[in-house]
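S.K.: my questions concern the predicted model and sequence given below.
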Amino acid sequence: MTEKSTRVEKLIDNPRKAVWSLSVPVFLGMIVQYIYNLTDTFFVSKISGDAIAAMQFNQPFVFFAISICFGLGIGVTSLISQALGARDKHRANNAAEHAVLLGIVIGLIISSVSIIFRYPIFRLLGAPGNIIGLAVSYFEVIVFGFVFNILNVFFRAILSGEGDVKTPVRFMIFGTGVNIILDPIFIFGLDLGIAGAAWATITAQVSVTVLFFIFFFIKRGSLVQFAFRDFSLSGDIIGKTFRIGLPASVSFAIMSFGQMLYNRIVVFFGSDAVAGVGVGMRLDQLFFLPILAVASSLVTLIGMFYGAKRVDLMRSTYLYVIRWGEVIALTFGLLFYLVSPYFVRIFSTDPAITGVAVMYVRFNVFAYPFIVVGMVSGRVFQGFGKGMPGLTITTIRVALIIVPLAILFTRVFHMGVQGVFIAQIAASALSAFLAYFWLSNNLKKIEREEITYGEAS
């Protein structure tokens, strides 16, 4: 048995250790990416407060474009992990080949459509006149990097499916280093302003894509192997990739639309309020890093357990991750509540911006325990091939709770910008309860089906 194939056996044999062996490298990679985001925001903040707001208006749409492929990437990860758990390497290879072709096609389509409709997009997002020019100048550059970013998402998904999270992290670290070095050069040295930040990002994304191509096609360092000369289009693989991944993609898209509407509601209180939320989110994102890392490990692990018919490990691993997630949520929540006034001053000393930023953080930390439950539950559903529950829960949270409550609290009850933050807490709590009970019922159903199958055989 090769070293690559024993990786799958080790993950199944010791699931609790596997959670951390998969999560820690991803977390470290996210930390590096987070440092880049902080650096990017720091340099852009030296241009102006309007430049920070312009980046904040870009974030939801960029996230929307990339999130389509994040969701499909989850489908790819789930398919590959299930195939490897069932020892069907040919199917795993074929799924990986489909992923690369999907990445190229979708990347080109999104880039083309986005550049054509760039001005209507930012008008729709509610960018005011003093912001829209800056926002478009950033977007006109970053859009051409979508195809590389999307390919990188699919390459990471392929390696996650076979349990290799260290290789993508190494490539991310390299790309982030390139980005950090080029940011001040392009923004100030070449006097490109906010567009310089976008050029630095694209250069980094291209360098990461090159590293992935060398790894997969020249070094052939992955467990799955590409043989496009023998490639056969599979309706079953495409169908299952979309059936698992498309609901996740739509779920991400709804979240990004929710963020767009969130910005439209917040901009009612001025562009400084939008900038303040953008700065506050930089601290908020630090909490998401470990939670995303451990939750993402469940897509691979639950997929393998499901493929190997180890239903007993699915529930115990899920509950194990939930317990540790709550410890992280409470620890980070207390820390952020205390340090937020000092953190936000790194990016701005304008009281109008820092006041909103601190308020955002101090409200949102109360949503952290609920966010853990919702995020982890969604990844478990995706691991055993069900994308619709996550989509349904996200739709309820964003469309039926956050946006209506935010409008009610700010426009009817005149609670100010904090009304938006209170709506976010309420939405996180209600969706967490729904996710937990829905997943518990599904796990019980799978256990009953497995018992019935065992008795019949």
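M.R.: Received the coordinates, thanks.

S.K.: residues contacting Phe148?
M.R.: If a contact means Cβ atoms under 8 Å, 6 or more residues apart in numbering, then Phe148 has Gly107, Ile202, Gln205, Val206, Val208, Thr209 as its contacts. From N, CA and C alone the C-beta is placed, and that goes for glycine too.

S.K.: likewise for Gly355?
M.R.: Listed by Cβ under 8 Å, 6+ apart, the contact partners of Gly355 are Gly276.

S.K.: among the contacts of Phe148, which pair sits farthest apart?
M.R.: Distance extremes for the contacts of Phe148: the farthest pair is Gly107 and Val208 at 13.9 Å, using Cβ to Cβ.

S.K.: what's the distance between Ser316 and Glu326?
M.R.: The span separating Ser316 from Glu326 equals 16 Å under the rule Cβ to Cβ, to the nearest Å.

S.K.: how many neighbours does the residue lying closest to Phe268 once chain neighbours are set aside have?
M.R.: Residue nearest to Phe268 in three dimensions, not counting chain neighbours: Thr410, with 6.8 Å by Cβ to Cβ, 6 or more residues apart in numbering. Thr410 has 21 neighbours, counted by other Cβ atoms under 10 Å.

S.K.: sec struct for Thr410, please.
M.R.: With DSSP: H, G, I helix; E, B strand; the rest coil as the basis, Thr410 sits in helix.

S.K.: verify the stated contact: it with Pro404.
M.R.: No: here Thr410 lies out of contact with Pro404, judged by Cβ atoms under 8 Å, at a distance of 11.2 Å.

S.K.: buried stuff in the helix or strand hosting Ser207?
M.R.: Counting by DSSP states H and E, the element that carries Ser207 is helix 194-213. By neighbour count on 16 or more other Cβ atoms under 10 Å, the buried set for helix 194-213 is 194-209, 211-212.

S.K.: got it, and stretch 106-122?
M.R.: Buried, per 16+ other Cβ under 10 Å, within stretch 106-122: Ile106, Gly107, Ile110, Ser111, Ser114, Arg118, Ile121, Phe122.

S.K.: quick one: the helices in the stretch 201-350 of the chain?
M.R.: Along the stretch 201-350 of the chain, the segments classed as helices by DSSP state H, counting those that start in this stretch run 235-266, 271-307, 311-343.

S.K.: mind putting those into CSV with distance to Ala432, mean pLDDT and mean neighbour count?
M.R.: Supplementary listing: the helices of the stretch 201-350 of the chain in CSV, determined by distance: least, Cβ to Cβ, whole Å; pLDDT from 0 to 100; neighbours: other Cβ atoms under 10 Å:
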stretch, distance to Ala432, mean pLDDT, mean neighbour count
helix 235-266, 15, 73, 20
helix 271-307, 13, 81, 24
helix 311-343, 10, 89, 16
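
S.K.: out of the ones you listed, which is closest to Leu439?
M.R.: Each of these was scored for nearness to Leu439 using Cβ to Cβ, and the closest is helix 311-343 (7.5 Å).

S.K.: relative to helix 271-307, how tilted is the closest one?
M.R.: With axes from the mean of the first three to the mean of the last three Cα atoms, to 10 degrees as the basis, helix 311-343 and helix 271-307 are set at 160 degrees to each other.

S.K.: one step back: ok, now which ones touch the residue nearest to Phe268?
M.R.: Neighbours of Thr410 in contact, by Cβ under 8 Å, 6+ apart: Ile265, Phe268, Gly416, Val417, Gly419, Val420.

S.K.: farthest-apart pair in these, please.
M.R.: Between any two of the contacts of Thr410, the greatest separation by Cβ to Cβ is 11.5 Å, found for Ile265 and Gly416.

S.K.: ok, back up a step: any idea which of the contacts of Thr410 has the most stuff around it?
M.R.: When neighbours are counted as other Cβ under 10 Å, the busiest of the contacts of Thr410 turns out to be Val420, with 25 neighbours.

S.K.: separation between it and Ala432?
M.R.: Using Cβ to Cβ, one obtains 19 Å as the distance from Val420 to Ala432.

S.K.: so what's Met388 closest to, chain neighbours aside?
M.R.: Counting by Cβ to Cβ, 6+ apart, Met388 lies nearest to Pro247, which is 5.0 Å off, once chain neighbours are set aside.

S.K.: for the one you found, what are its contacts?
M.R.: Under the criterion of Cβ under 8 Å, 6+ apart, the contact list for Pro247 reads Gly71, Gly387, Met388, Gly390, Leu391.

S.K.: contacts for the helix or strand hosting the fourth one?
M.R.: Read that as Gly390. Taking DSSP H and E as the criterion, the element that holds Gly390 is helix 388-395. Contact with helix 388-395 is made by 247-248, 250-251, 254-255, 374, 377-378, 381-382, 431, 434-435, 438-439, 442, as judged by Cβ under 8 Å, 6+ apart.

S.K.: just put the contacts of Pro247 in TSV and tack on distance to Phe216 and neighbour count.
M.R.: As requested, the contacts of Pro247 are arranged in TSV below (distance: Cβ to Cβ, whole Å; neighbours: other Cβ atoms under 10 Å):
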residue	distance to Phe216	neighbour count
Gly71	22	27
Gly387	26	24
Met388	31	15
Gly390	29	27
Leu391	30	22
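
S.K.: from the residues you listed, which is closest to Phe288?
M.R.: Nearest to Phe288, judged by Cβ to Cβ, of the contacts of Pro247 is Gly390 at 16.2 Å.

S.K.: would you mark the buried spots in stretch 183-196?
M.R.: Asp183, Pro184, Phe186, Ile187, Leu192, Gly193, Ile194, Ala195, Gly196.

S.K.: ok, and what's touching that stretch?
M.R.: Applying Cβ under 8 Å, 6+ apart, the set of residues contacting stretch 183-196 from outside is 39-40, 43-44, 46-47, 51, 54-55, 134, 137-138, 140-141, 197, 199-200.

S.K.: only C-alpha atoms, please: export stretch 74-88 in PDB.
M.R.: Written as PDB, here are the backbone C-alpha positions of stretch 74-88 (Å, rounded to 0.1, in the frame of the first residue of the first chain):
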ATOM      1  CA  ILE A  74     -17.400  21.300  -1.900                       C
ATOM      2  CA  GLY A  75     -19.200  19.000  -4.300                       C
ATOM      3  CA  VAL A  76     -15.900  17.900  -5.800                       C
ATOM      4  CA  THR A  77     -14.400  17.300  -2.300                       C
ATOM      5  CA  SER A  78     -17.400  15.300  -1.200                       C
ATOM      6  CA  LEU A  79     -17.300  13.100  -4.400                       C
ATOM      7  CA  ILE A  80     -13.600  12.400  -4.300                       C
ATOM      8  CA  SER A  81     -13.600  11.600  -0.500                       C
ATOM      9  CA  GLN A  82     -16.600   9.300  -1.000                       C
ATOM     10  CA  ALA A  83     -14.900   7.600  -3.900                       C
ATOM     11  CA  LEU A  84     -11.600   7.100  -2.000                       C
ATOM     12  CA  GLY A  85     -13.500   5.900   1.100                       C
ATOM     13  CA  ALA A  86     -15.100   3.300  -1.200                       C
ATOM     14  CA  ARG A  87     -11.700   2.500  -2.800                       C
ATOM     15  CA  ASP A  88     -12.900   3.700  -6.300                       C
END
